[in-house]
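Colleague: Sequence first, then the predicted structure, then my questions.
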Amino acid sequence: MASSALYFVASLAYLSLAVFFWRTHCGADGPHRHAFIYRLVILAPLALHTWLLYIDVFSVPMLRFGFGQALSVTLWLAVTIYWIENFFVRLDGLQCFVLTVAGICVVLPGLFTGFTMQAHGDSLVFRLHLALAMGAYSLFTIASLQALLMAILEKRLHTGALTGAFATLPPLLSLERVLFRIIGIAFVLLTATLVTGFAFSEQVFSRAMRFDHKTIFAITSWVIFAGLLMGRWVYGWRGRTAIRWILAGFVALLLAYVGSRFVLEVILHRGSR
């Protein structure tokens, strides 16, 4: 396991960049003319975050995973996808929020070490299932953060108080198109996660997936996002209606794994076999 000090170094780097960007790049002074250099600077804490995850989760013979690792991987993917997306659509205001949350979550594996999956941690199908799940979580995390930001932006537009970081954001229609593109990709990954979950259950236990609370919440999330995409396609849902569906689906998705791991590891002090 990596040194605890490295977790706090990565956290401090993320949080320092978030504060710095807020005061300069996406603060009251507006976008900085060295925006490209700022994007490159993000690679430093992201690289350290990548190395920490590799050492603690993927380099060990048996897969180590838990509540802390789940959130850390999710925010690593969120920062990575945001970093790529920001080259095409300027989302400077969102950058500060994502870096702040990443700064909080990067230290969690050092505080909550998780558990080693002895029974099937070396299964290729399970690792694929986990990678797909983390990809879906990450994209839905970005979508939820962006949906909240859009709600605040819409409220400020109505009051005429569009200043600071909000003044650097693209128009709402552009943000909405990006939002539903992210949700569409995330929905495909979530569907693949459920499919590989059934395949993994058959391979390891020789039986169908058990309908425990984790499975029920995951399927509930899938149904909510399927309904959202159908409503968008058929009825043109947008604005507050879409945001409510997005947040409801995201909460169900968090409860499917992250919430259950938090209860087991932090409250009940138990791992999963």
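Modeller: Yep, that arrived.

Colleague: just the helices in this protein please.
Modeller: Taking DSSP state H, the helices of the chain run over residues 4-23, 35-41, 43-53, 67-85, 92-105, 108-111, 124-159, 172-205, 213-235, 239-254, 260-262.

Colleague: Thr220 contacts Val251, correct?
Modeller: No. Using C-beta atoms under 8 Å, Thr220 is not in contact with Val251; the gap is 9.7 Å. Just so you know, the C-beta spots here come from the backbone N, C-alpha and C atoms, and that holds for glycine as well.

Colleague: ranking the helices of the chain by mean pLDDT, which is last?
Modeller: Least confidently modelled of the helices of the chain is helix 260-262, at a mean of 51 by mean pLDDT.

Colleague: distance of Ala70 from Leu77?
Modeller: Using C-beta to C-beta, to the nearest Å, we find Ala70 at a distance of 11 Å from Leu77.

Colleague: shared neighbours, these two?
Modeller: Met134, Tyr137 (C-beta atoms under 8 Å, 6 or more residues apart in numbering).

Colleague: more neighbours, those two?
Modeller: Counted by other C-beta atoms under 10 Å, Ala70 and Leu77 do not tie: Ala70 has more neighbours, with 26 against 20.

Colleague: The more buried one and Phe112: what is the separation?
Modeller: 10 Å.

Colleague: Which residue comes closest to Val73 once chain neighbours are left out?
Modeller: Met134 (4.7 Å; C-beta to C-beta, 6 or more residues apart in numbering).

Colleague: Can you report how many residues lie near that neighbour?
Modeller: Here the count is done by other C-beta under 10 Å, and Met134 has 21 residues near it.

Colleague: doesn't Leu71 make contact with it?
Modeller: No. Counting by C-beta under 8 Å, Met134 stays clear of Leu71, with 10.1 Å between them.

Colleague: Now do the same for His269: its pLDDT.
Modeller: For His269, pLDDT reads 50.

Colleague: what do you get for the one 4 residues further on?
Modeller: What the model reports for Arg273 is a pLDDT of 41.

Colleague: do the same with Pro170
Modeller: pLDDT for Pro170: 68.

Colleague: and Leu194, how many neighbours?
Modeller: Applying other C-beta under 10 Å, I find that Leu194 has 19 neighbouring residues.

Colleague: whoops, I mixed them up, Ala131
Modeller: When counting by other C-beta under 10 Å, one arrives at 17 neighbours for Ala131.

Colleague: Could you measure from it over to Thr196?
Modeller: Distance of Ala131 to Thr196, given as C-beta to C-beta: 9 Å.

Colleague: same deal with His49?
Modeller: Where Thr196 is concerned, His49 sits at a distance of 25 Å (C-beta to C-beta).

Colleague: what's the answer for Tyr137, then?
Modeller: 14 Å.

Colleague: what about these two, which has more around it?
Modeller: Tyr137 (27 against 20).

Colleague: For the most centrally placed residue in the chain, which non-adjacent residue is spatially closest?
Modeller: Relative to the mean C-alpha position of the chain, the nearest C-alpha, by C-alpha atoms, centre = their mean, is the one of Ser138, at 2.7 Å. Nearest non-adjacent residue to Ser138, counting by C-beta to C-beta, 6+ apart: Leu77, 3.2 Å away.
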